[in-house]
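> A structural model of the following input is requested.
(one chain, ligands or ions: 1)
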Amino acid sequence: MDAHDAFGKLVGDLDYSMFIVTVRAGAEQAGCLVGFACQSSIEPPRFLVCLSRKNHTYRVATRADAVAVHFVPRQAKALARLFGGCCSDEVDKFAGCAWRPGPGGLPILQECRSWFVGRVLQRLDLGDHVGFLLEPIAAHREAGESYFTFDQAKNIEPGHPA
Ligand SMILES: Cc1cc2nc3c(=O)[nH]c(=O)nc-3n(C[C@H](O)[C@H](O)[C@H](O)COP(=O)(O)O)c2cc1C
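Numbers count the residues shown, from 1 in each chain. Purely as a prediction, here's the structure:
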């Protein structure tokens, strides 16, 4: 097996938390399920979210100063499917779930009680995904939650192939 194939299988075996990232620019809002995301610094606190150039969410995010990162509850399968399996070009995802305007007018999803809003510090060319380096500027944590994982999300057919 060559390195390319072996690498694909290695990372496919991993398990990690999934997030739903929502964005707003002017009157337009979008959001998608994201697996490529992690904390990248403790002090200062920083978080990296990677958005596929093919996604509608990415296109809106290029015009946004901040994004909302939702920690998806373990049982929120339908919400994960809505944001990961549908494209905002065709479906109004926000008509299909409960949300409210949060900091900076960003849509905050009611079902996700833990979330933060990050100011976009840098956009990084990382390949077919673009890294958004975030500085948290608002956050809410619901204690005792467990989160939706990559393993649970594997059977969702992405709205866009990466
Ligand atoms: C398991 C899984 C992981 C995903 N990870 C990412 C990701 O890290 N970044 C991303 O931009 N899209 C990711 N996606 C794809 C988007 O969530 C999906 O294509 C979505 O439909 C895009 O919606 P949009 O076009 O409305 O932005 C993932 C999808 C699945 C099912």
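
> I'd assumed residue 51 was in a helix, is it?
No - under DSSP: H, G, I helix; E, B strand; the rest coil, residue 51 sits outside any helix and is assigned strand.

> can you pull the contacts of residue 18?
Shown in contact with residue 18 (Cβ atoms under 8 Å, 6 or more residues apart in numbering): 33-35, 72, 80, 84, 147-150, 152-153. C-beta: built from backbone N, CA, C; applies to glycine.

> in JSON lines: these, plus distance to the ligand, secondary structure and pLDDT.
Below are those laid out as JSON lines (distance: Cβ to the nearest ligand atom, whole Å; DSSP: H, G, I helix; E, B strand; the rest coil; pLDDT from 0 to 100):
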{"residue": "33", "distance to the ligand": "4", "secondary structure": "strand", "pLDDT": "98"}
{"residue": "34", "distance to the ligand": "4", "secondary structure": "strand", "pLDDT": "98"}
{"residue": "35", "distance to the ligand": "4", "secondary structure": "coil", "pLDDT": "98"}
{"residue": "72", "distance to the ligand": "11", "secondary structure": "coil", "pLDDT": "98"}
{"residue": "80", "distance to the ligand": "8", "secondary structure": "helix", "pLDDT": "98"}
{"residue": "84", "distance to the ligand": "4", "secondary structure": "helix", "pLDDT": "97"}
{"residue": "147", "distance to the ligand": "13", "secondary structure": "strand", "pLDDT": "97"}
{"residue": "148", "distance to the ligand": "10", "secondary structure": "coil", "pLDDT": "98"}
{"residue": "149", "distance to the ligand": "9", "secondary structure": "strand", "pLDDT": "98"}
{"residue": "150", "distance to the ligand": "6", "secondary structure": "helix", "pLDDT": "97"}
{"residue": "152", "distance to the ligand": "9", "secondary structure": "helix", "pLDDT": "97"}
{"residue": "153", "distance to the ligand": "4", "secondary structure": "helix", "pLDDT": "97"}
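
> doesn't residue 23 belong to a strand?
Yes - per three-state DSSP, residue 23 lies within a strand segment.

> just the strands in this protein please.
All strands of the chain, identified by DSSP state E, fall at 19-25, 28-34, 37-41, 46-52, 66-71, 99-101, 107-109, 114-125, 129-140.
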